[in-house]
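> What shape does this take:
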Amino acid sequence: MDTSSNRWVAASLAVGLALCGAAHAAGVSDDVVRIGVLSDMSGLYADTSGKGSVEAARMAIQDFGGTVLGKKIDLVWADHQNKADIGASHARNWFDREGVDLILNLNNSSVAVAVNNLARERNKMVINTGGASDILTNEHCATTAIHYTYDSYAMGNSAVHGILAQGKKEWFIIGVDYAFGKAMTANLTDFLAEGGGRIVGSTYHPLNASDFSSFLLQAQASKASVIALANATSDTVNTIKAANEFGITKKQTVVPTLMFINDVHALGLKQGQGMVFATAFYWDRTPESRTWARRYFEKMKKMPSMVQAGDYSAVTQYLKAVQAAGSDDGLAVAKQLKSMPINDFFAQNGKVREDGRMVHDMYLVEVKKPDESKYPWDYYKVLSTVPGDKAFRPLSKSTCKLVKAS
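Here you go, the predicted model:
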């Protein structure tokens, strides 16, 4: 009887151990944690994301050790070509056929909305480091989607309050004609109304426009004290260059609402000097940011944009969450990320809220004059730190259903 009982106990233990082992193995789907960088690899946003974002993600994986939970970390990438249907097609294929666990970057708001919707349906992780529209954490929020680096609310908020303080109340907006431009225009309109300013006119240009003269002439004719640019990268650079050529900047203040260090590099300090805007990251701000940025520079021969720095940080924090959750399941990892503080060379005082917004400190910067720059890429003066709870939309103003249900 004792022998039989012992055999039964032994058999039960063996089965239990086997089940535990199987459960642990099932924690990582397909025995691989697979990360996909979905970005503009060849268009106007490629310099601030693109191959540099792939490299930043690769650096994060290598620094993490190349494995998590004893499983290999794999990296794939694709070009969304700034088209929502192409981006959605890549995302659907990655989620449904190729076992991608996290999609990263998404530096086009229309593409990001489409991928957020897919992530919601499949409970897959998305960390948006490149798209700007704050609709991603409002009407298009998802349990497993995180908006990481910045958004139109935070960038516009900092720009408006800084310029209104100079007594410039009348604004004209030149925006790009898709989701980001519309979201930023709406944000600016609200901020100005709250601060005692007003919009005297607005116009929209096609993405990657070749000629900005007609849009700038409308802005000039409005006699607005401020011309706000609700566009990005080469569109922003070309608008500013044209404004300088037309002599507009001598009488009206041009305010970029989404400016990257790559844009300042392309524009040059002579034309960019004195511009004030918000940024989520500046490579030369702290010893930690300098150390990482110089490593990145060795590989890419340029300093990282805030998106590329955000890519590294996001991948690192995602892998930490996978490790802590014991799984790459989207819901489990998202829950873990929302319970973790985020503090690294990129983000200070970071926390992911229930709407998916990663709230962290932002920085108000001014572009240096040419004679103030002492070495290559020495472009910004950091004027002030904007605490995350002041920079980003408060939850009390959120339209995300996840917030209403909480």
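> Closest to the centroid, which residue in the chain?
Centroid-nearest residue in the chain, with Cα atoms, centre = their mean: residue 129, separated by 2.5 Å.
> so it touches residue 314, yeah?
Yes - Residue 129 is within contact range of residue 314, at 5.4 Å (criterion: Cβ atoms under 8 Å). Yep, even glycine has a C-beta here, placed from its N, CA and C like the rest.
> Only the buried residues of stretch 118-137, if you could.
Buried residues in stretch 118-137, counting neighbours by 16 or more other Cβ atoms under 10 Å, are found at 118-120, 124-137.
> hang on, the earlier thing: identify the contacts common to residue 129 and residue 314.
Taking Cβ atoms under 8 Å, 6 or more residues apart in numbering as the contact rule, residue 129 and residue 314 both touch 104, 148-149.
> any idea which helix or strand carries the closest residue to residue 283 other than its chain neighbours?
By the measure of Cβ to Cβ, 6 or more residues apart in numbering, the closest residue to residue 283 outside its immediate chain neighbours is residue 293, 3.6 Å from it. Using DSSP states H and E, residue 293 falls within helix 287-300.
> Alpha carbons only: can I get that helix in CSV?
Listed next in CSV are the C-alpha coordinates belonging to helix 287-300 (Å, rounded to 0.1, in the frame of the first residue of the first chain):
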residue,chain,number,x,y,z
PRO,A,287,26.1,62.8,-18.6
GLU,A,288,23.9,59.7,-19.1
SER,A,289,22.3,61.1,-22.3
ARG,A,290,25.7,62.1,-23.6
THR,A,291,27.2,58.7,-23.0
TRP,A,292,24.4,56.9,-24.9
ALA,A,293,24.2,59.5,-27.7
ARG,A,294,27.9,59.2,-28.4
ARG,A,295,27.6,55.4,-28.7
TYR,A,296,24.7,56.0,-31.1
PHE,A,297,26.8,58.5,-33.0
GLU,A,298,29.6,56.0,-33.5
LYS,A,299,27.2,53.8,-35.4
MET,A,300,25.0,56.3,-37.3
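> tell me what it is packed against?
Applying 3 or more Cβ pairs under 8 Å, 6 or more residues apart in numbering; DSSP states H and E, one finds that helix 287-300 contacts helix 50-64, helix 306-325.
> who wins for proximity to residue 27 among these?
Residue 27 sits nearest to helix 306-325 of all those, at 8.1 Å, using Cβ to Cβ.
> residues contacting residue 347?
Here residue 347 is in contact with 280, 313, 358, 360-361 (criterion: Cβ under 8 Å, 6+ apart).
> what separates it from residue 145, distance-wise?
18 Å (Cβ to Cβ, to the nearest Å).
> Local confidence estimate at the residue nearest to residue 179 when sequence neighbours are not counted?
The shortest distance from residue 179 to any non-neighbouring residue, by Cβ to Cβ, 6+ apart, is to residue 109 (3.9 Å). The confidence metric pLDDT takes the value 93 at residue 109.
> Angles on the backbone of residue 109, please.
phi -60, psi -30 (degrees, to the nearest 10).
> residues contacting it?
131-133, 135-136, 178-180, 183 are the contacts of residue 109 under Cβ under 8 Å, 6+ apart.
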